[in-house]
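Chemist: Turn this into a model:
(chains A, B and C)
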Amino acid sequence: MEGYAHRFIYPWITLDYYQGLIYVVVFSITGVLAAGRKDVDLFGVVMLGLITALGGGTIRDVLLDIRVFWVQDFNYVWVGALAAIIAFFGVRNFGLQALYRPLLYLDAVGVALFCVQTIDRVLAMKRGGPVAVLLGIILGIGGGLARDVLAGRPTLLMGREIYATPLLLGGILYVILLKWFEQLPSSLMAVVFMVGFRWAAIRWDLAYPRFLRLGSG
Amino acid sequence: MEGYAHRFIYPWITLDYYQGLIYVVVFSITGVLAAGRKDVDLFGVVMLGLITALGGGTIRDVLLDIRVFWVQDFNYVWVGALAAIIAFFGVRNFGLQALYRPLLYLDAVGVALFCVQTIDRVLAMKRGGPVAVLLGIILGIGGGLARDVLAGRPTLLMGREIYATPLLLGGILYVILLKWFEQLPSSLMAVVFMVGFRWAAIRWDLAYPRFLRLGSG
Amino acid sequence: MEGYAHRFIYPWITLDYYQGLIYVVVFSITGVLAAGRKDVDLFGVVMLGLITALGGGTIRDVLLDIRVFWVQDFNYVWVGALAAIIAFFGVRNFGLQALYRPLLYLDAVGVALFCVQTIDRVLAMKRGGPVAVLLGIILGIGGGLARDVLAGRPTLLMGREIYATPLLLGGILYVILLKWFEQLPSSLMAVVFMVGFRWAAIRWDLAYPRFLRLGSG
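Modeler: Residues are numbered from 1 along each chain as shown, chains lettered A, B, ... in the order given. Below is the predicted model:
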């Protein structure tokens, strides 16, 4: 894969394979929990988990016309499916629905790491900063949108929750920081910004101010 | 197309072009029947039929980064559209909605044949068994999911119906059988297994046992 | 890009870059207006606008396996996002929902121009007339379908509105005309036909005659 030579330069980047797997685990579990009130069977649950976990990255890879990451390395599917199965029995037997909100904090870390990784990859393909940031956002929301549509829930875009805005602003910040700093400190700052912003949004139920919202809400 | 050299080795594989067309006809008709209560016009009906019939294979080809099968050979579109038009007038004038459930038996045959064919193709591309089976499932459910979402119905994944599990188990069976047997007997056994399982599920309204389902159903 | 040599032959074809941008502006605005009753925030509105404006062309490019147009030239995204932001504040502060219906007249022009352009491009890739016309239709309805699904509205296909039929008939007309006439007069006739048909459908709320519709409507 182009753009992965730098994987060997900074120590933490060598971790990015495991970051990807962590992202898949967390997303797959939130997928299961999000769908968890209806009479869905194990097969449907695993498919929803996988679609949530792999959907965003799949759309990203198709748009970039590179090999889809889980076709390239099927471990992503194994790990995502296993996480979904464990989550299924957790919800089934212990009623772990209450874990959904706490898990969003983990989700924020997973998506921030994977978003920065996507931006790196797109930049290494010389596609330019704006394309990179937009693909980082698509990576972040693609799987969740597909999950909501297939599960028959209102999508993220229709709600007041601040989910993708931290990725947008953090992604722009990252591209700017890269002009002045090395990759490692830039990415750390961007991830901290994305996670902090998203955590604050979850903690205090932040929404856009009223003049930036339509409707009578 | 890679992976099609073997088309000429086993006699029944030379039939796979016609199998593909039969699959398209059956899926297109079930698409029309599934949408058939609302005030949809002929154009919408044909589009729904085509999306049902071609959707799964399109997603498969995009994920594999090979040329989309109906761009390659437009006969699939002609045949699917013609089947949808005939189904439209059948439903319109003779109220053939009652045919929906019987047609599911035919659908099971079409999808089993096309699923095994997809697994063959992916294996011939040296992508490995797990990728092949997952793409076989995606082929089987992709068109139906797109149809349900566009028609505003609850999707397959949210219901209790056993639809894709025979493809999963039959696909795994097929990949295992190929280690011991030739392609022809392996594929016959896998297709018989998939069709038999699915027919049983339709006939006796099978669902996953309760401990493998969420919800209060 | 293949198929663009002829861009320099006919004067009006040199305009097609601006046509594309106009299409994006109009579609992005209709996307915003269509979603405009719910409590959506600026981020969601811009994403909906972009999905409406870029979705059809994205699907077209993925199916043709050519580089996605807005990855190639990010100006489409800038222009679409800017249009969505302006439309957001227009709706927010001046209640421009009433503009939705009038804007459909502009939408008809944008989609007709972009559809003919798509047919040209596919024909130049030697994919044949039927593929070209079908991709022109997909271009025309893809973004709107994605918008409706994500916004939780009934999709175009489920309604009585005549939207894509002018693209189908006009596209067929265009491919036939090209056998007798030069590109410029052919495309002008096709665009006039598509726009006229669609304008008539909007003006007089045309629907398919009853024998070409299902349901009790």
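Chemist: can we go C-alpha only for contacts and neighbour counts from here?
Modeler: OK.
Chemist: can you list the residues that contact the lowest-mean-pLDDT helix or strand in chain A?
Modeler: When each helix and strand of chain A is scored by mean pLDDT, DSSP states H and E, helix A:16-34 comes last, with a mean of 83. By CA atoms under 8 Å, 6 or more residues apart in numbering or on different chains, the surrounding residues in contact with helix A:16-34 are A:45-46, A:48-54, A:76, A:79-81, A:83-84, A:87-88, A:91, A:96-97, A:100, A:103-104, A:106-107, A:110-111, A:113-114, A:117, A:144, A:147.
Chemist: near chain B too, which of those residues?
Modeler: The subset of these within reach of chain B, by CA under 8 Å from any CA of the partner chain, is A:Val45, A:Leu48, A:Phe88, A:Val91.
Chemist: Just read off the phi/psi values of the second one.
Modeler: Spelled out, that is A:Leu48. Backbone torsions of A:Leu48, given as degrees, to the nearest 10, read phi -60, psi -40.
Chemist: hmm, back to that, buried members of the contacts of helix A:16-34 into ChimeraX, please.
Modeler: In ChimeraX, a selection of the buried entries from the contacts of helix A:16-34 looks like this (16 or more other CA atoms under 10 Å in any protein chain shown):
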select /A:45,46,48,49,50,51,52,53,54,76,79,80,81,83,84,87,88,91,97,100,104,106,107,110,111,113,114,117,144,147
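Chemist: From start to finish, how long is stretch A:147-162 in a straight line?
Modeler: 18 Å (CA to CA, to the nearest Å).
Chemist: Can you give the distance of that stretch from its chain's centre?
Modeler: Relative to its chain's centre, stretch A:147-162 lies at 15 Å (CA atoms, centre = their mean, to the nearest Å).
Chemist: what's in contact with that stretch?
Modeler: So stretch A:147-162 is in contact with A:31, A:35, A:48, A:51-52, A:144-145, A:163, A:198, A:201, A:205-208, B:145, B:149, B:154-155, B:157-158, C:38-41, C:43-45, C:47-48, C:149-152, going by CA under 8 Å, 6+ apart.
Chemist: interface residues of chain A facing chain C?
Modeler: Where chain A comes near chain C, counting by CA under 8 Å from any CA, the residues are A:62-65, A:127, A:130-131, A:145, A:149, A:154-155, A:157-160, A:165, A:208, A:211-217.
Chemist: 7 Å instead, please
Modeler: Selection of chain A residues close to chain C by CA under 7 Å from any CA of the partner chain yields A:63, A:131, A:149, A:154-155, A:157-160, A:165, A:208, A:212-217.
Chemist: Quick one: buried ones out of the residues you listed?
Modeler: A:63, A:131, A:149, A:155, A:157-160, A:165, A:208, A:212-214.
Chemist: And the helices in chain A?
Modeler: Ranges of helices in chain A, per DSSP state H, are A:16-34, A:42-64, A:69-72, A:75-94, A:100-124, A:129-151, A:165-180, A:183-203.
Chemist: Which one of those helices lies nearest to C:Leu173?
Modeler: helix A:42-64 (31.8 Å; CA to CA).
Chemist: Show me the shaky parts of chain A.
Modeler: Along chain A, the parts satisfying pLDDT under 70 run over A:1-16, A:36-37, A:216-217.
Chemist: hmm, try it at 50
Modeler: For chain A, applying pLDDT under 50 flags the ranges A:1-14, A:217.
Chemist: Now do the contacts for the residue nearest the centre of it.
Modeler: Centroid-nearest residue in chain A: A:Val111, 3.3 Å away (criterion: CA atoms, centre = their mean). By CA atoms under 7 Å, 6 or more residues apart in numbering or on different chains, A:Val111 lies in contact with A:Tyr23, A:Gly140.
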